[in-house]
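> model the structure of this input:
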Amino acid sequence: MKTKTVIELLTLSASLYHIAKDTHVLEKLHEYSEKGKDNINRVASEPLLDEDGNELELMDKIIYKAGEMKEELELKIEELVAAFYKKINVAHLDEIKALNEKLEKADRTVALLEARLNKLEMKT
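Reported below is the predicted structural model:
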């Protein structure tokens, strides 16, 4: 084959790959939008009551659900960060405080032992 033909085939295959990739992305976006519509419809049809027993309006329902989702997201992020720290062996603040307390306790014990040793040396 000629070099020009090989280059044209490579260019064509790269273009087809990008088109297929874009199509895949568009399909995923369509899938997500459908799921989003279904979730919004479910939230809108689900009755939520306020403190007085009155049903919330659509925007209030959306705000309420967004708050719930925010809390869930924060909890999930906290769990993932803790797991990540544990995985890469980075000490968490609580672990650092516990280690500092152990170090202080060990320092006090060493100081007491040195004082006892000095006292014993003075007696002899």
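> the chain: helices as residue ranges?
All helices of the chain, identified by DSSP state H, fall at 3-45, 58-88, 93-123.
> the first one packs against which elements?
Translated: helix 3-45. helix 58-88 (3 or more C-beta pairs under 8 Å, 6 or more residues apart in numbering; DSSP states H and E). (Glycine included, C-beta is placed from N, CA and C.)
> and for Arg42, the neighbour number?
Residues within reach of Arg42, counting by other C-beta atoms under 10 Å, total 10.
> gap between it and Ser33?
Per C-beta to C-beta, to the nearest Å, Arg42 is found 15 Å from Ser33.
> rank the helices of the chain by pLDDT, which is bottom?
Mean pLDDT across these is lowest at helix 3-45; the value there is a mean of 74.
> ok, back up a step: ok, which of the helices of the chain comes nearest Glu51?
Across the helices of the chain, Glu51 has its closest neighbour in helix 58-88 (12.1 Å, C-beta to C-beta).
> got the buried residues for the closest one?
Applying a neighbour-count criterion of 16 or more other C-beta atoms under 10 Å, one finds 61, 65 buried in helix 58-88.
> and the angle from it to helix 93-123?
Orientation check (axes from the mean of the first three to the mean of the last three C-alpha atoms, to 10 degrees): helix 58-88 against helix 93-123 gives 40 degrees.
> helices and strands around helix 58-88, which ones?
Against helix 58-88 (3+ C-beta pairs under 8 Å, 6+ apart) you get helix 3-45.
> turn the helices of the chain into JSON lines, including distance to Asp52.
JSON lines is the format used below for those (distance: least, C-beta to C-beta, whole Å):
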{"stretch": "helix 3-45", "distance to Asp52": "20"}
{"stretch": "helix 58-88", "distance to Asp52": "13"}
{"stretch": "helix 93-123", "distance to Asp52": "42"}
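> I'd like the distance between Glu101 and Val110.
Remark: distance between Glu101 and Val110 (C-beta to C-beta) = 15 Å.
> revised request: answer the last question for Glu51.
Using C-beta to C-beta, Glu51 is found at 60 Å from Val110.
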